[in-house]
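Visitor: Prediction below, plus the sequence it came from.
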Amino acid sequence: MNTVTSTTYSISPEGLSLEHFCAIVDDFHKVELDTRSDYREHLQRGSDYLQKLSKSEATIYGVNTGFGESCSVQIKGEGIENLPLYLARFHGCGMGENFSLQQCRAILLARITSLAKGYSALRPMVLERLIDLLNRNWIPRIPQEGSVGAGGDLTPLSYIAACLMGERQVFLNGDLVNISELYRQHGLEPLKLRPKETLGIMNGTSAMTGIAALCYQRSNYLARLCCRITAMGMIALRGNRNHFLPELFALKPHPGQTQAALWIHEDLQLENTGLFNPSRIQERYSFRCAPHVIGVLLDALPCMKNTIEIELNSVNDNPIIDPENEIVHHGGHFYGGHIAFAMDSLKNLIANQADLLDRQLAILVNYRSNNGLPRNLSGASGNQAEIHHGFKAVQIAVSSFTAEALKLTIPASVFSRSTECHNQDKVSMGTHSARDCWRILTLCEQVAAGVLLASHQALLLRMRQNEFTQADLSPVWRNFLEQLEPFCPFIEEDAEMENILRGLQQAIERRVFTWI
């Protein structure tokens, strides 16, 4: 069962940093709606203003009209009151696998963060119920498929709106349960959402944005891990560490590239510098140019972080209700083009990391290029050596993971489809982009797991060949090898490695390993 920490974050118009957002999602911190009276009054004014308008002759999209292309259809009488419920119901057509609990928490928090800006005409009690679901960890089940990313993430977010009204399922302690049953058990009444409230919850970019925030976090960690794995391979190959000298990278000073080179260079400061071979003038590109590959990712991440944070803390539904100036804006802020671009770009950069590590592994396992290590890094010796094949199949699997990652890099945003009677005739496909990026990240982490395991094996083989000992390494490396020990056993004879690789990938995704 997940535990909730004592830290509480305020949900307010000022929004959340990406770091705080991810901390709430991953560490189960509690959140609370800003208690300032003027803020609560601002929220209530938006709801009251819309209620006043709905009783006038004004035409307001989604309040007294149909949705999308049906906006010319006027809704009257009881239909206005029933419209919010039916909107959530007819969008309950998501398919495919469910988003994970972590992903659904991110989607829910992203929607809360946007709605807290106070321009969606939701009553404070609606925001408080959304926050209550998050704090109780009653997280709406959300299917992955069904959004085109403009018109908002309508279908995914309908699962949140429906839960407020007592319909559909939530995650609870690893199981799926009907929200209506939880309400009954805890003496809570489902909410009767007013006109515009269901639309306000559904008509935004929060599914793609929540996933994008988590993708950024994983990518940031992965970049550092790729530097550590590169350094590990250089030690195992006893290569030329001069490729990473700071004075070399001062001549082409892209900040991320320089940082990657510095991390690798620092990792190669060992107690015994005689382990390296500067006479090997040039290592293959996958090692020598590793900072140039990893550096592109590092240089792109700050821009992507800025894009994701702006979208996270934006008003991105339609119509937008300005309670202070009593204006209704009909626009298109639900369009997810910025997130689509960020995720399409990020998945390209992540796939390049997989390709880099895949090539490094090819060098490590090949006796023609690994500078005296056994074929396929086999740990078998004596007359048993010839029947054991070490990491041969792991390399094949890593090549497979890499190929799948590369295949998914085609931009999803170029596949806009005209839909919904040509009303939604240009859409972002941002949620497809974010889902692809998530999948590529998992594949790249699987690649990293295979290469990390093999690099660790290579270091242990050097030690078994008495070429160096742990005392020759630095304290940083001794600490890192100690962290790896529970996850990376020495592979002496051929054995099934699936569970080892799964454990390593999950450790990487959870950011278990530290660098100091």
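Guide: Everything's here; your move. Bear in mind that the values here come from a model prediction, so they are computed numbers and not experimental data.
Visitor: Can you give me the distance of residue 200 to residue 420?
Guide: Distance, residue 200 to residue 420, using CB to CB, to the nearest Å: 19 Å. C-betas here are computed from N, CA, C, even on glycine.
Visitor: So which of those two has more stuff around it?
Guide: residue 200 (32 against 16; other CB atoms under 10 Å).
Visitor: Could you tell me which residues make contact with the more buried one?
Guide: Taking CB atoms under 8 Å, 6 or more residues apart in numbering as the contact definition, residue 200 lies against 115, 120-122, 317.
Visitor: Derive a PyMOL selection command for the buried subset of those.
Guide: If you want just the buried ones from the contacts of residue 200 in PyMOL, going by 16 or more other CB atoms under 10 Å, the selection is:
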select buried, resi 115+120+121+122+317
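Visitor: Please give the element, helix or strand, for the residue nearest to residue 153 when sequence neighbours are not counted.
Guide: Nearest residue to residue 153 in three dimensions, chain neighbours excluded: residue 207, at 3.6 Å (CB to CB, 6 or more residues apart in numbering). Assigned by DSSP states H and E, residue 207 falls within helix 206-237.
Visitor: coming back round to it: can you report how many residues lie near the residue nearest to residue 153?
Guide: By the criterion of other CB under 10 Å, residue 207 has 35 neighbours.
Visitor: hang on, isn't it packed against residue 145?
Guide: No: using CB atoms under 8 Å, residue 207 is not in contact with residue 145, being 11.0 Å away.
Visitor: Spit out the contact partners of residue 278.
Guide: Per CB under 8 Å, 6+ apart, neighbours of residue 278: 240-242.
Visitor: are any of these buried, and which?
Guide: For these, a burial check counting by 16+ other CB under 10 Å picks out 240-241.
Visitor: mind listing what's buried in stretch 376-393?
Guide: 376-380, 388, 390-391.
Visitor: Can you pull the residues that touch both of residue 207 and residue 145?
Guide: Common neighbours of residue 207 and residue 145 (CB under 8 Å, 6+ apart) do not exist.
Visitor: how's this protein carved up into domains?
Guide: Domain assignment of the chain by automatic domain parsing yields the ranges 8-204, 212-509.
Visitor: What are the buried residues along the helix or strand following the helix holding residue 207?
Guide: Downstream of helix 206-237, the first helix or strand assigned by DSSP H and E is helix 246-249. Neighbour-count burial for helix 246-249, counted by 16+ other CB under 10 Å, picks out residue 249.
Visitor: For the domains of the chain, give me CSV that also has distance to residue 515.
Guide: CSV is the format used below for the domains of the chain (distance: least, CB to CB, whole Å):
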stretch, distance to residue 515
domain 8-204, 18
domain 212-509, 6
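Visitor: Just give me the residue closest to the centre of this protein.
Guide: Geometric centre of the chain, nearest residue: residue 215, 2.2 Å, by CA atoms, centre = their mean.
Visitor: longest helix in this structure, by residue count?
Guide: helix 430-464 (DSSP state H).
Visitor: Could you check that helix and say which residues are buried?
Guide: 430-438, 440-463.
Visitor: what do you get for stretch 89-101?
Guide: 89, 91, 94, 98-99, 101.
Visitor: ok, now which ones touch the nearest residue to the residue nearest to the centre of the chain once chain neighbours are set aside?
Guide: Spatial nearest neighbour of residue 215, excluding adjacent residues (CB to CB, 6+ apart): residue 437 at 4.8 Å. Counting by CB under 8 Å, 6+ apart, residue 437 makes contact with 211-212, 215, 343-344, 346-347, 350.
Visitor: nearest to residue 111, of the contacts of residue 278?
Guide: Nearest to residue 111 among the contacts of residue 278 is residue 241, at 48.6 Å by CB to CB.
Visitor: separation between the closest one and residue 495?
Guide: 33 Å.
Visitor: before we move on, what about residue 258?
Guide: 41 Å.
Visitor: Of these two, which one has the most company?
Guide: residue 258 (19 against 10).
Visitor: Is that one within a helix or a strand, and which one?
Guide: Residue 258 is located in helix 255-267, with elements delineated by DSSP H and E.
Visitor: What is that helix packed up against?
Guide: Packing contacts for helix 255-267, counted by 3 or more CB pairs under 8 Å, 6 or more residues apart in numbering; DSSP states H and E, involve helix 206-237, helix 246-249, helix 290-312, helix 475-484.
Visitor: now that helix against helix 475-484, angle please.
Guide: 90 degrees (axes from the mean of the first three to the mean of the last three CA atoms, to 10 degrees).
Visitor: Please compute how far helix 255-267 lies from its chain's middle.
Guide: Averaging C-alpha positions (CA atoms, centre = their mean, to the nearest Å) puts helix 255-267 24 Å from its chain's average.
Visitor: Mean confidence (pLDDT) on that helix, please.
Guide: Averaged over helix 255-267, pLDDT sits at 98.
Visitor: Please apply the same query to stretch 278-292.
Guide: Stretch 278-292 comes out at a mean pLDDT of 93.
Visitor: Between the two ends of that stretch, how far is it?
Guide: For stretch 278-292, the first-to-last residue distance is 20 Å (CA to CA, to the nearest Å).
Visitor: ok so, going back, next SSE downstream of the helix holding residue 258?
Guide: Counting by DSSP H and E, the next helix or strand C-terminal to helix 255-267 is helix 285-288.
Visitor: And that following helix, what does it pack against?
Guide: helix 206-237, helix 337-365.
Visitor: Turn the ones you listed into a markdown table, including mean pLDDT and distance to residue 513.
Guide: What follows is the helices and strands packed on helix 285-288, written out as a markdown table (pLDDT from 0 to 100; distance: least, CB to CB, whole Å):
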| stretch | mean pLDDT | distance to residue 513 |
| --- | --- | --- |
| helix 206-237 | 98 | 7 |
| helix 337-365 | 98 | 15 |
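Visitor: Any chance of those helices in JSON lines with distance to residue 269 as columns?
Guide: What follows is the helices and strands packed on helix 285-288, written out as JSON lines (distance: least, CB to CB, whole Å):
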{"stretch": "helix 206-237", "distance to residue 269": "10"}
{"stretch": "helix 337-365", "distance to residue 269": "20"}
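Visitor: so residue 462 touches residue 469, yeah?
Guide: No: in this structure, residue 462 is not within contact of residue 469 by CB under 8 Å, at 9.5 Å.
Visitor: Any idea how many residues pack against residue 199?
Guide: Applying other CB under 10 Å, I find that residue 199 has 26 neighbouring residues.
Visitor: Quick check: it is in a helix.
Guide: Yes: assessed by DSSP: H, G, I helix; E, B strand; the rest coil, residue 199 belongs to a helix.
Visitor: Hmm, residue 86 and it touching each other?
Guide: No: using CB under 8 Å, residue 199 is not in contact with residue 86; the gap is 11.5 Å.
Visitor: Now tell me what touches the helix holding residue 258 from outside.
Guide: 223-224, 227-228, 230-232, 234, 241, 244-246, 248-250, 290-292, 294-301, 476-477, 515.
Visitor: next structured bit after the helix or strand bottoming out on mean pLDDT in the chain?
Guide: When the helices and strands of the chain are compared on mean pLDDT, DSSP states H and E, helix 78-90 comes out lowest with a mean of 89. Next helix or strand after helix 78-90 toward the C-terminus (DSSP H and E): strand 95-98.
Visitor: Parallel or antiparallel, which strands does that following strand pair with?
Guide: When pairs are called by DSSP bridges, strand 95-98 turns out to pair with strand 143-145 (antiparallel).
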